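> Model the structure of this input:
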Amino acid sequence: MNARIVILILLVILAVVFMLQNKAATPIQMLFWSFNMPRILLILILLLVGFTIGYVVRDIKSRKKAAE
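Down below sits the predicted model:
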């Protein structure tokens with residue numbers, strides 16, 4: 001197996017274990033809104049946002065490099 005795949009699998013396992021241990025509801029305050037949501041959902045949303053930002057940045061850099 002490729003080292004990248006092994007590291008990715010380990011990170012996914014760690015993220016799942018971390019999320020499953022954080023099921024309690026937590027208050028969220030964002031600008032003018034205030035609401036409660038389970039921490040597991042908050043962690044999942046932030047994880048997806050982070051992956052999306054990383055993908056977009058990588059795509060922008062690869063397009064700049066290809067244009068040169």
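
> from memory residue 47 sits against residue 18, does it?
No. The pair residue 47 / residue 18 is not scored as a contact, 9.5 Å apart, by Cβ atoms under 8 Å. All C-beta spots, glycine's among them, are computed from the backbone N, C-alpha and C.

> can you pull the contacts of the residue nearest the centre of the chain?
In the chain, the residue lying closest to the centroid (Cα atoms, centre = their mean) is residue 47, at 1.4 Å. By Cβ atoms under 8 Å, 6 or more residues apart in numbering, the residues touching residue 47 are residue 15.

> check which helix or strand covers it.
helix 39-67 (DSSP states H and E).

> what comes up buried for that helix?
Using 16 or more other Cβ atoms under 10 Å as the test for burial, helix 39-67 gives 39-40.

> Now that helix: average pLDDT?
Averaged across helix 39-67, pLDDT comes to 88.

> And residue 52, how close does it get to residue 3?
Remark: distance between residue 52 and residue 3 (Cβ to Cβ, to the nearest Å) = 24 Å.

> ugh, typo on my part, it should be residue 38
34 Å.

> Look at these two and report which has more neighbours.
Neighbours were counted for residue 38 and for residue 3 using other Cβ atoms under 10 Å; residue 38 has more, 14 against 7.

> which residues sit in contact with that one?
By Cβ under 8 Å, 6+ apart, the contact list for residue 38 reads 23-26.
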